[in-house]
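In: Return atomic coordinates for the entry below.
(chains A and B)
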Amino acid sequence: DAGITQSPRHKVTETGTPVTLRCHQTENHRYMYWYRQDPGHGLRLIHYSYGVKDTDKGEVSDGYSVSRSKTEDFLLTLESATSSQTSVYFCAISDSVVADTQYFGPGTRLTVL
Amino acid sequence: SQKIEQNSEALNIQEGKTATLTCNYTNYSPAYLQWYRQDPGRGPVFLLLIRENEKEKRKERLKVTFDTTLKQSLFHITASQPADSATYLCALYMDSNYQLIWGAGTKLIIKP
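Out: Here you go, the predicted model:
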């Protein structure tokens, strides 16, 4: 998985609780992305980062926030989890321009009860 | 509306035959298109990229075509093997917003 780890790999939480997912890379790639994947849907971009402290919204950013204080770490936070945020979350990285080949982490399966 | 369509039904192919997967899109003008493979419980893995001015790209047993007039890409696996069984995703890169737009994927099953 190209030097990308995600933690936790699985999480079950209750509606209304905050959740933070972590993505860590050892490739020193500039761009990092958070996607969610749901049955019947393509990967949907939540947020992405183009450098330390530089982030932007994706297609489905409502209810999510991100932070990137170091090149290697990109955090995704659900401030108050809802059942509609039950999904598999993937982190990805790329080396140059935003839509360069992307390398994905193993994913985090999040269940919100 | 803008759409990317991949066959939602699984594609069953006999080992040794050529598997062909389609990616159709409407109302996009992608600069290029990528194909990824995804195994159960894992993240997608990049396979091939084809640019709008390229008609065909090959890599070992894989071939991708890109027809911007038909708004379609075809992904071929020749001499298919059971190990090729996976879900295959296409993704379009849009110059307009610098993002990848993803199809939902087609599940390919190669039977021995």
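
In: can you give me the strands in the chain?
Out: If you meant another chain, say so; for now it's chain A. A:4-7, A:10-13, A:19-25, A:31-37, A:44-51, A:54-57, A:64-70, A:73-78, A:87-94, A:103-104, A:108-112 (DSSP state E).

In: hmm, I had chain B in mind actually
Out: B:3-6, B:11-14, B:19-26, B:32-38, B:45-51, B:56-59, B:62-67, B:72-77, B:86-94, B:99-102, B:106-111.

In: Any residue of the helix or strand bottoming out on mean pLDDT in chain B touching chain A?
Out: Using mean pLDDT, DSSP states H and E, the weakest-scoring helix or strand in chain B turns out to be strand B:99-102, at a mean of 86. Yes - using C-beta under 8 Å from any C-beta of the partner chain, we find that strand B:99-102 touches chain A at B:Q99, B:L100, B:I101, B:W102. The way it works is simple: take the backbone N, C-alpha and C, and place the C-beta from them, glycine included.

In: Counting by contacts, list what that strand packs against.
Out: The contact analysis (3 or more C-beta pairs under 8 Å, 6 or more residues apart in numbering or on different chains; DSSP states H and E) places strand B:99-102 against strand A:44-51, strand B:86-94.

In: Most tightly packed of those strands?
Out: Across the helices and strands packed on strand B:99-102, averaging neighbours per residue (mean count of other C-beta atoms under 10 Å in any protein chain shown) puts strand B:86-94 on top, at a mean of 22.
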